[in-house]
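Participant: predicted model follows, preceded by the sequence.
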Amino acid sequence: MADELRIVCWNIEHNGRGRHGGDDHRELARDILAVLAPHLVLEVWNAQDNGNELADAAEAVLGTAGLIGPDCCTALYHDPDLFTPAGEFPKTGPMWVLPPTVRSRQLAGTVPGAAPLIAGSYHLNYGSPTTRLSEAEWLTQWNDRWVTADGRRIHYPALLGGDTNSYPVPGTPGDPALPVLEEIPDEPYRAHGSYIGADGVRRMDDRPDDTLRTAGLQDVARHLATTAGNTAAVAPTVDAYDTHGPDSRIDRIYASKELLPAVRTVEVIDMTGLSDHHTVVVRLDRDTLTDILNHPLTRTA
């Protein structure tokens, strides 16, 4: 029995299929996924491009067909030996350009009545910081799931991963610095990646991160960098581009606060030549996670 759970945020450009007739890297992408041997795969954007191939890859690597979510935009795969489907959340809110895929999963080895783990894949909007903020606000609902059982209210913790198309709030040791707006050559991206504050000043967009963390969903890489000094956890997930600016940490995994003690490591896997985004791998201690789910946060019903 595995003593750790490997969570992979898999933001591979067009799922390995070359953009605009470019090289096809699907076989290489599947080989890398097999080496990573994940128990949960999050994000997998543009599922509508090749949904059947995604399902085949998931079946080969994880032993399951996985789930492709609303409008076939995101997907969520799980290892059936470790997770049993417990619930679905098809109503994810009205504002999504690329709707998330969110399901609850019961972890094998937990006791009857243990809380399931809510797992979600998201891809926030690229072009509109206003829409992106609204989408992040809707994501916070997954940290607000309280279910009545045995005369008490039980909290279902959440683990959400994907492409935020925005930046983390500055201040984490080792985090890439925010781009300087005036130094970004691509003028449309200046609008895409920034917002106008209440004072009329345009700033690089870190509002989704602030919103999620305000709601108690913590960036697991930031957690390790600030509590354990592991600055490798906050390595860039997108390399510098001549048009878009310097290295940045766009892809992030967020977890309910009670899950943080289970976080062992966060690693960024270099995907140069395969994708414009690198892959984030989070390893959770299984025993700790099991104990957390067996003893969930509660309120008086």
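Facilitator: Nice, thanks for sending it over.

Participant: and whichever strand or helix holds Thr290, what's buried?
Facilitator: Using DSSP states H and E, Thr290 maps to helix 286-294. Within helix 286-294, the residues that count as buried by 16 or more other Cβ atoms under 10 Å are 286, 288-290, 292-293. Heads up, the C-betas are built off the backbone N, CA and C, glycines and all.

Participant: any idea how far the next helix or strand after it is from the middle of the chain?
Facilitator: Later in the chain than helix 286-294, the nearest helix or strand by DSSP H and E is strand 298-300. From the chain centre to the centre of strand 298-300 is a distance of 28 Å (Cα atoms, centre = their mean, to the nearest Å).

Participant: likewise for stretch 278-298?
Facilitator: The answer for stretch 278-298 is 15 Å, by Cα atoms, centre = their mean.

Participant: just the C-alphas of it, formatted as PDB.
Facilitator: The C-alpha trace of stretch 278-298 is given here as PDB (Å, rounded to 0.1, in the frame of the first residue of the first chain):
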ATOM      1  CA  HIS A 278       5.700  22.900 -16.300                       C
ATOM      2  CA  THR A 279       4.000  20.200 -14.300                       C
ATOM      3  CA  VAL A 280       3.400  20.600 -10.500                       C
ATOM      4  CA  VAL A 281       3.700  17.400  -8.400                       C
ATOM      5  CA  VAL A 282       2.500  17.400  -4.800                       C
ATOM      6  CA  ARG A 283       3.100  14.400  -2.500                       C
ATOM      7  CA  LEU A 284       0.900  13.900   0.500                       C
ATOM      8  CA  ASP A 285       1.600  11.600   3.400                       C
ATOM      9  CA  ARG A 286      -1.100   9.000   3.300                       C
ATOM     10  CA  ASP A 287      -1.300   8.200   7.000                       C
ATOM     11  CA  THR A 288      -1.600  11.900   7.900                       C
ATOM     12  CA  LEU A 289      -4.300  12.400   5.200                       C
ATOM     13  CA  THR A 290      -6.200   9.400   6.400                       C
ATOM     14  CA  ASP A 291      -6.100  10.800  10.000                       C
ATOM     15  CA  ILE A 292      -7.300  14.200   8.800                       C
ATOM     16  CA  LEU A 293     -10.200  12.700   6.900                       C
ATOM     17  CA  ASN A 294     -11.100  10.300   9.800                       C
ATOM     18  CA  HIS A 295     -11.300  13.300  12.100                       C
ATOM     19  CA  PRO A 296     -12.800  16.100  10.000                       C
ATOM     20  CA  LEU A 297     -13.500  19.600  11.200                       C
ATOM     21  CA  THR A 298     -16.900  19.800  12.800                       C
END
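
Participant: tell me the bridge partners for Val41.
Facilitator: Val8, Tyr77 (DSSP bridges).

Participant: burial check on it, number of neighbours?
Facilitator: 28 (other Cβ atoms under 10 Å).
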